[in-house]
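# one predicted model, sequence on top.
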Amino acid sequence: MKKTALAYGFLGLIPFVAFGMLLPIWPLDWQAGLVHMFNSYSAIILAFLSGAVWGMTISGAKEEKPTNGLTVGIVFSLVAVGALLIPFPYSIYLLIASFVVLFALEVGLMFKGIYPFWYTLMRAALTAVVVICHLFLLYWLGDIYNDVVSMGTT
């Protein structure tokens, strides 16, 4: 299971890297759509991870060690939907903050014995890359944001 989780986790980074870090290599007339795809994919992954918190909490929680895992699963799923409803670039800022906070909460679940240590290490690496990709996207769009948005609305 560990190898499979690692493989799927790192394969899940491909869209983040392709659309976030490598945005300038795509044709300019595609970039508005790619930014939308990046934002949507990011929200989907956040919702997926929050669902994983829910599932891990149900399967690993002990009555004597209560967690907020079920609440975390619901709240971050709603945040992911909310990120799709607010304008860019605020949605990207919200997603960055959400990935960081969710990871911090997952570290707490590791200390409560719900998450294994190897999973937390993997999530640390994945979260770092995801946040960097979001920051790259914001950086690239700093110069061309108005062009990308105007092409996406025409």
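Yes, it's here.

# check Met56 and give its pLDDT.
Note on Met56: pLDDT of 78.

# okay, the residue lying closest to it once chain neighbours are set aside and Ile74: tell me how far apart.
Closest residue in space to Met56, ignoring its immediate chain neighbours: Ile114 at 5.5 Å, by CB to CB, 6 or more residues apart in numbering. For every residue, glycine as well, the C-beta is placed using N, CA and C. Counting by CB to CB, to the nearest Å, the gap between Ile114 and Ile74 amounts to 17 Å.

# so between those two, which is more surrounded?
Using other CB atoms under 10 Å as the criterion, Ile114 and Ile74 rank with Ile114 on top: 21 against 14.

# wait, is that one part of a strand?
No - according to DSSP: H, G, I helix; E, B strand; the rest coil, Ile114 belongs to no strand; its state is coil.

# phi and psi next, for it.
The phi and psi values for Ile114, taken as degrees, to the nearest 10, are phi -90, psi -40.

# and it, what pLDDT?
The confidence metric pLDDT takes the value 80 at Ile114.

# one more: Thr153?
Taking Thr153 on its own, its pLDDT is 55.

# which parts of the protein are helices?
2-11, 13-16, 31-60, 69-85, 90-111, 117-152 (DSSP state H).

# gap between the two ends of stretch 53-70?
Using CA to CA, to the nearest Å, the end-to-end distance of stretch 53-70 comes out at 7 Å.
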